[in-house]
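A.B. asks: What would the 3D arrangement of this be:
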Amino acid sequence: MRATDQMVCFGVYSASHAFGQAYRRVLAPWKLTYPQYLVIVALGDQEPRSVKELGEELFLDSGTLSPLIRRLEARGIVSRSRSPHDDRVVEVTLTDDGRALRSELSVVGAEIARCTGLDEEKARMLLDVVHDLNRVMRTTDEAIAS
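C.D. replies: Numbering: from 1, shown residues only. You can find the predicted model right below:
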């Protein structure tokens with residue numbers, strides 16, 4: 001067995017890479033990147049959302065998120081506007097075309113699930129473990145930083 005095969009971090013990294021490849025294939029017909037897809041999904045849960053809120057939820061910095069949102073806006077998928085409560089805040093919403101696209105994208109989750117080969121129970125267990133790992137690592141990282 002290779003040394004990297006015994007490293008949890010490499011296992012997570014490798015799985016993340018495999019997910020990235022699967023999403024690239026599945027999202028190709030819509031000419032979307034995975035981060036663009038995530039923005040559309042997040043806005044489908046709640047809108048409007050500030051750029052800051054989206055960045056915090058998706059773990060994307062403004063240097064990544066702002067150009068991504070500009071590209072989605074250029075395609076007519078989202079619109080940006082200043083918050084009526086604070087003009088320093090930029091809010092993002094799905095356009096009608098964006099909502100229609102989000103509806104089309106509802107097939108993506110099932111296709112990715114098929115790619116994993118996991119049944120629903122194993123997928124739920126894995127998601128629980130990943131959420132726990134993420135929570136602990138982010139808490140530990142915050143404790144180290146302070």
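A.B. asks: where along the chain do the helices fall?
C.D. replies: Shown for the chain, the helices assigned by DSSP state H span residues 8-27, 34-45, 51-58, 62-74, 96-104, 108-116, 120-145.
A.B. asks: buried sites along the fourth one?
C.D. replies: Burial within helix 62-74, assessed by neighbour count using 16 or more other CB atoms under 10 Å, is assigned to L65, L68, I69, L72. The C-beta positions use only the backbone N, C-alpha and C, and glycine is treated the same way.
A.B. asks: returning to what we had before: so which of the helices of the chain is nearest D86?
C.D. replies: Of all the helices of the chain, helix 51-58 sits nearest to D86, with 11.0 Å by CB to CB.
A.B. asks: Quick check: mean pLDDT of the closest one?
C.D. replies: When pLDDT is averaged along helix 51-58, the result is 94.
A.B. asks: quick one: that helix to chain centroid distance?
C.D. replies: Offset of helix 51-58 from its chain centre (CA atoms, centre = their mean, to the nearest Å): 10 Å.
A.B. asks: State the pLDDT value of L105.
C.D. replies: L105 is given a pLDDT of 96.
A.B. asks: typo on my end, it should be G44
C.D. replies: With respect to pLDDT, G44 scores 90.
A.B. asks: just to revisit the earlier point, any idea which of the helices of the chain gets closest to R82?
C.D. replies: Taking these one by one with CB to CB, helix 51-58 is closest: 11.2 Å.
A.B. asks: And for the closest one, what's in contact with it?
C.D. replies: Residues from elsewhere that reach helix 51-58, judged by CB atoms under 8 Å, 6 or more residues apart in numbering: 35, 38-39, 42-43, 60-62, 65-66, 69, 80, 89-92.
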